[in-house]
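Asker: mind looking at a prediction? Sequence and model below.
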Amino acid sequence: MSAINSVVDAEMPGLISDLQTLIRQPSVSAKKQGILECANLVVETMRRSGINSELLFLDDKDVAPIVYGEVKSRSNPGRTLLFYNHYDVQPEEPLELWKDEPFSGKVDGNYIYGRGSADDKGELITRIKAVEYFLKLTGDVPCNVKFMVEGEEEIGSVHVEQYLNKYRDRLSCDGVVWEFGYVDAKDRPIISLGMKGLLYVELIARGPARDAHSSLAVLIENPAWRLVLALATMRDQNGRVLIKDWYKEVQPFTGEELATISKEPFDEKEFKKEYEISKFVKNAKGSNIRKALVGMPTCNIAGFNSGYIAEGAKTVLPAKATVKIDFRLVPKMLPKKQLERLKRHLKLKGFRDIKVNFIHGEAAARTAIQEPFVKQVQEAAKETFGSVITSVSSAGTGPMYSFVKVLKAPCISIGSTYLFARIHSPNEFARIDLLNKTTKCIGRILEKFVS
Ligand SMILES: [Zn+2]
């Protein structure tokens with residue numbers, strides 16, 4: 001048990017009201033709404049908790065600032081844990097599907113609602129409060145603590161690497177607690193040791209100079225068909241990417257990774273019910289499902305746009321077709337290299353005319369299971385929640401690679417987000433019991449991180 005446990009229980013009303021205040025300050029990075037206001041609010045919240053805090057900027061002042069926080073340990077000044085979080089949130093739309101106002105921070109029983117309640121303001125408050133309670137209880141923290149709270153996570157963390165490079169010395173640390181962590185339906189925390197990478201591109205096919213009468217389809221090639229044909233050369237029905245050398249650098253799982261993957265639970269039935277699907281890609285079953293989530297690259301059509309899609313019929317041959325594609329990547333696959341392979345593929349297959357716009361790229365990262373930090377977090381989680389699940393990698397993407405590359409510290413994600421907390425969706429919520437437990441768990445991690 002962490003020394004702060006009883007303080008956590010006693011101070012829950014304060015934790016909840018501070019979280020409500022954060023939720024009620026909209027901070028939608030996609031719309032540049034409330035960003036600076038929210039950054040300042042986080043600084044204020046940290047200062048009230050006893051954390052030295054300030055805003056850090058890049059030379060370009062239009063870039064959202066990061067909130068930096070720091071508490072030096074007197075008892076153990078030789079070890080530093082960094083908390084990486086974000087204060088920005090996803091857009092709240094569609095508005096009509098929210099039961100309450102999206103930034104209400106409304107508490108209803110064990111739930112607190114609002115955009116950002118779980119992702120990521122709920123997670124952030126558990127970190128801040130754990131530090132506050134140590135200071136309250138002992139006047140010290142078990143090890144040095146640093147915070148890096150960014151404001152562009154929901155738009156791809158585009159400047160994180162620049163921040164890490166510019167403030168490398170200030171941010172130096174021995175371990176990173178990642179911004180989120182899931183808790184499954186049986187209240188088991190899922191520790192995740194990695195993240196997949198991402199290559200996000202837009203493909204554009206152009207046809208006639210303007211939309212034409214569709215009777216001319218006998219003469220004019222349709223750009224939507226061009227794109228469909230090009231897409232069909234990129235992925236087979238089993239999800240395998242058909243681009244040459246796509247998997248060239250991909251490493252097989254290590255024995256330890258396989259052993260960990262085999263222990264990861266996955267409720268196939270529940271998952272299918274949740275998404276109302278009857279089967280998985282490649283008809284995956286059993287451990288192949290978990291292997292796919294951890295280590296299968298993807299080629300996903302995120303959006304397709306061309307021609308007339310409003311009500312009724314319009315016989316038109318569109319001038320243009322665009323598609324947005326996200327490729328999830330696994331360790332050793334570098335986005336820029338994969339982009340070159342994609343471009344080469346299109347040329348080789350006769351689609352030289354299709355334009356490829358690079359939108360975003362992030363490499364994958366994975367912390368090795370043998371890292372001592374992994375065991376410390378596993379133990380802390382087990383002591384607090386009663387059990388723990390270790391995941392070799394999350395199926396999602398985040399800028400973990402930049403942290404590993406610049407700070408050279410192991411990263412682990414652990415947190416309070418219920419698996420079905422509707423993050424990025426209407427009626428997002430955080431569970432108060434999980435906020436309580438996670439704050440205790442963070443306390444326990446700090447206590448264990450002394451060596
Ligand atoms: Zn998010």
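Answerer: Perfect, thanks for sending it.
Asker: what sits up against stretch 159-166?
Answerer: 56, 58, 63-64, 66, 148, 150, 152, 171, 399, 402-403, 405-407 (Cβ atoms under 8 Å, 6 or more residues apart in numbering). C-betas here are computed from N, CA, C, even on glycine.
Asker: buried subset of the residues you listed as a PyMOL selection?
Answerer: Of these, the buried ones go into a single PyMOL selection, burial set by 16 or more other Cβ atoms under 10 Å:
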select buried, resi 56+58+63+64+66+148+150+152+171+399+402+403+406+407
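Asker: show only the entries of the contacts of stretch 159-166 found in helices.
Answerer: Of these, the ones assigned to helices by DSSP state H are Leu171, Ser402, Phe403, Lys405, Val406, Leu407.
Asker: most widely separated two among those residues?
Answerer: Leu171 and Lys405 (12.7 Å; Cβ to Cβ).
Asker: which residues do those two both contact?
Answerer: In contact with both Leu171 and Lys405: no residue, using Cβ under 8 Å, 6+ apart.
Asker: just the closest of the ones in helices among the contacts of stretch 159-166 to Glu93, please.
Answerer: Ser402 (29.1 Å).
Asker: the nearest residue to that closest one once chain neighbours are set aside - how many residues pack around it?
Answerer: The spatially closest residue to Ser402, leaving aside those adjacent along the chain, is Glu161, at 4.1 Å (Cβ to Cβ, 6 or more residues apart in numbering). For Glu161, the tally of surrounding residues (other Cβ atoms under 10 Å) stands at 16.
Asker: element containing Glu161, please.
Answerer: helix 160-166 (DSSP states H and E).
Asker: immediately after the helix or strand of the chain with the lowest mean pLDDT, which helix or strand?
Answerer: Counting by mean pLDDT, DSSP states H and E, the chain has its least confident helix or strand at helix 268-275, which shows a mean of 92. Using DSSP H and E, the helix or strand that follows helix 268-275 towards the C-terminus is helix 287-295.
Asker: buried stuff in the helix or strand following that following helix?
Answerer: As assigned by DSSP H and E, the chain's next helix or strand after helix 287-295 is strand 300-306. Under the neighbour-count criterion of 16+ other Cβ under 10 Å, strand 300-306 has Phe304, Ser306 buried.
Asker: mind saving the C-alpha coords of strand 300-306 as PDB?
Answerer: The C-alpha coordinates for strand 300-306 follow below in PDB (Å, rounded to 0.1, in the frame of the first residue of the first chain):
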ATOM      1  CA  ASN A 300      -6.800   1.500 -43.300                       C
ATOM      2  CA  ILE A 301      -9.000   3.700 -45.400                       C
ATOM      3  CA  ALA A 302      -9.900   6.500 -43.000                       C
ATOM      4  CA  GLY A 303     -12.000   8.500 -45.500                       C
ATOM      5  CA  PHE A 304     -13.000   8.500 -49.200                       C
ATOM      6  CA  ASN A 305     -14.400  11.500 -51.000                       C
ATOM      7  CA  SER A 306     -15.600  11.900 -54.500                       C
END
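Asker: hmm, back to that, could the ones in helices among the contacts of stretch 159-166 go into CSV alongside pLDDT?
Answerer: Below are the ones in helices among the contacts of stretch 159-166 laid out as CSV (pLDDT from 0 to 100):
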residue, pLDDT
Leu171, 98
Ser402, 96
Phe403, 97
Lys405, 95
Val406, 97
Leu407, 97
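Asker: now, which of the residues you listed sits nearest Leu231?
Answerer: Ser402 (30.3 Å).
Asker: quick one: contacts for the closest one?
Answerer: Ser157, Val160, Glu161, Leu164, Glu362.
Asker: chain neighbours aside, what residue packs nearest to Leu55?
Answerer: Nearest to Leu55 is Pro65, by Cβ to Cβ, 6+ apart, at 4.2 Å.
Asker: what's the burial count for the one you found?
Answerer: When neighbours are counted by other Cβ under 10 Å, Pro65 registers 24.
Asker: any idea how far it is from Asp88?
Answerer: In this view, Pro65 and Asp88 are 11 Å apart by Cβ to Cβ, to the nearest Å.
Asker: I'd say Leu435 and Gly122 touch.
Answerer: Yes: Leu435 lies in contact with Gly122 (Cβ atoms under 8 Å); the separation is 6.0 Å.
Asker: more neighbours: these two, which one.
Answerer: Neighbours per residue (other Cβ under 10 Å) separate Leu435 from Gly122, with Gly122 holding more: 31 against 27.
Asker: so the more buried one touches Ser416, yeah?
Answerer: Yes: at 5.8 Å, Gly122 counts as touching Ser416 under the criterion of Cβ under 8 Å.
Asker: please enumerate the shared neighbours of these two.
Answerer: Ala430, Leu435.
Asker: got the phi and psi for Ile23?
Answerer: Taking degrees, to the nearest 10, you get phi -60, psi -40 for the backbone angles of Ile23.
Asker: pull up the gap between it and Ser104, please.
Answerer: 8 Å.
Asker: what about these two, which has more around it?
Answerer: Ile23 (26 against 17).
Asker: who are the contact partners of the more buried one?
Answerer: So Ile23 contacts Phe103, Ser104, Gly105, Ile112, Gly114, Arg115, Gly116, Ser117, Lys121 (Cβ under 8 Å, 6+ apart).
Asker: where does the closest residue to Met1 other than its chain neighbours land in three-state SS?
Answerer: Spatially, and ignoring its direct neighbours in sequence, Met1 is nearest to Glu383 (6.7 Å; Cβ to Cβ, 6+ apart). Judged by DSSP: H, G, I helix; E, B strand; the rest coil, the three-state class of Glu383 is helix.
Asker: what's the neighbour count on Glu383?
Answerer: 15.
Asker: rewinding a little: which one of the contacts of stretch 159-166 is nearest Glu11?
Answerer: Out of the contacts of stretch 159-166, the member with the shortest distance to Glu11 (by Cβ to Cβ) is Met148, at 24.5 Å.
Asker: shared neighbours of Ile23 and Ser104, anything?
Answerer: If you check Ile23 and Ser104 against Cβ under 8 Å, 6+ apart, the residues they both contact are Gly114.
Asker: sorry, back to before: out of the ones in helices among the contacts of stretch 159-166, which comes closest to Leu229?
Answerer: Of the ones in helices among the contacts of stretch 159-166, the one sitting nearest to Leu229 (Cβ to Cβ) turns out to be Ser402, at 36.6 Å.
Asker: distance check, the closest one against Val145.
Answerer: Counting by Cβ to Cβ - Ser402 and Val145 are separated by 21 Å.
Asker: before we move on, what about Ser49?
Answerer: 11 Å.
Asker: Ser393 now?
Answerer: 26 Å.
Asker: which of these two has more residues huddled nearby?
Answerer: Val145 (27 against 23).
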